[in-house]
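Colleague: can you look at this prediction? I've put the sequence above it.
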Amino acid sequence: VQDTPWTALKICEVARNHKLKDLGLKFMDKLSNISQMEIGPAFKKLQQQISLCLDEPLRLKNGLAMINNTNLSYFQSEQKAELFRLKALFLERLGETREAESAFSKCLNVCQSFGEGWLSWGQFYDRLLHIACRGESAAVLREDASLELGAKTLEGLPLEYACHVMSCYLHAIYTRKEEN
């Protein structure tokens with residue numbers, strides 16, 4: 001009985017990784033017929049559903065709503081951190097840079113040893129650094145950079161982002177080393 005959810009979730013994950021979204025959704029539907037599920041598989045099911053929305057630009061708001069409506073009290077700290085990490089990715093794709101930054105912060109406040117969270121936050125700052133170095137869309141980076149950064153102008157952002165990138169990547173390496 002417990003093998004069915006695991007198998008369906010694994011197939012869904014592989015299908016999503018190979019960009020076979022219809023197959024992933026088909027197996028997610030099979031999971032909805034299972035009335036009782038342990039917390040681990042239930043979390044994996046939620047994670048896969050949310051990830052399927054992350055891959056579809058038209059479903060970004062649906063995925064974010066799914067995360068916001070999830071009762072976190074059932075999950076362990078690493079699982080909660082994963083949900084905040086996913087929330088940050090949704091917010092970034094929706095153009096909500098500040099909120100994404102805040103969600104990454106919450107992710108790592110919940111579980112500081114969550115290597116995937118550190119890695120994703122570093123990649124987030126890496127993308128911002130790339131934008132700042134090309135001098136594109138300053139409004140996307142910081143709507144009121146002069147207020148948040150004191151006397152620093154947009155020209156100081158690349159250095160700030162580069163520091164954040166390195167710090168996050170080093171934390172990711174450190175936490176993954178501890179896991180092994």
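Modeller: Here it is on my side, so go on.

Colleague: what about the residue nearest in space to the middle of the chain, is that helix, strand or coil?
Modeller: By C-alpha atoms, centre = their mean, the mean C-alpha position of the chain lies nearest to residue 86, the distance being 2.6 Å. For residue 86, the assignment made with DSSP: H, G, I helix; E, B strand; the rest coil gives helix.

Colleague: list the contacts of it.
Modeller: 47, 50-51, 54, 63, 67 (C-beta atoms under 8 Å, 6 or more residues apart in numbering). Backbone N, C-alpha and C define where each C-beta goes, glycine included.

Colleague: next, the buried residues of the strand or helix carrying residue 66.
Modeller: In this assignment (DSSP states H and E), residue 66 forms part of helix 60-68. For helix 60-68, burial by neighbour count (16 or more other C-beta atoms under 10 Å) applies to 60, 63-64, 66-67.

Colleague: from the contact counts, what lies against it?
Modeller: helix 39-54, helix 77-93 (3 or more C-beta pairs under 8 Å, 6 or more residues apart in numbering; DSSP states H and E).

Colleague: pLDDT averaged over that helix - what is it?
Modeller: Taken as a whole, helix 60-68 has an average pLDDT of 94.

Colleague: got the CA coordinates for that helix in PDB?
Modeller: Provided in PDB are the C-alpha atoms of helix 60-68 (Å, rounded to 0.1, in the frame of the first residue of the first chain):
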ATOM      1  CA  LEU A  60       2.700  30.500 -11.000                       C
ATOM      2  CA  LYS A  61      -0.100  32.200  -9.000                       C
ATOM      3  CA  ASN A  62      -1.800  28.800  -8.400                       C
ATOM      4  CA  GLY A  63       1.400  27.300  -7.100                       C
ATOM      5  CA  LEU A  64       2.000  30.300  -4.800                       C
ATOM      6  CA  ALA A  65      -1.500  30.000  -3.500                       C
ATOM      7  CA  MET A  66      -1.000  26.300  -2.800                       C
ATOM      8  CA  ILE A  67       2.100  27.100  -0.700                       C
ATOM      9  CA  ASN A  68       0.300  30.000   1.100                       C
END
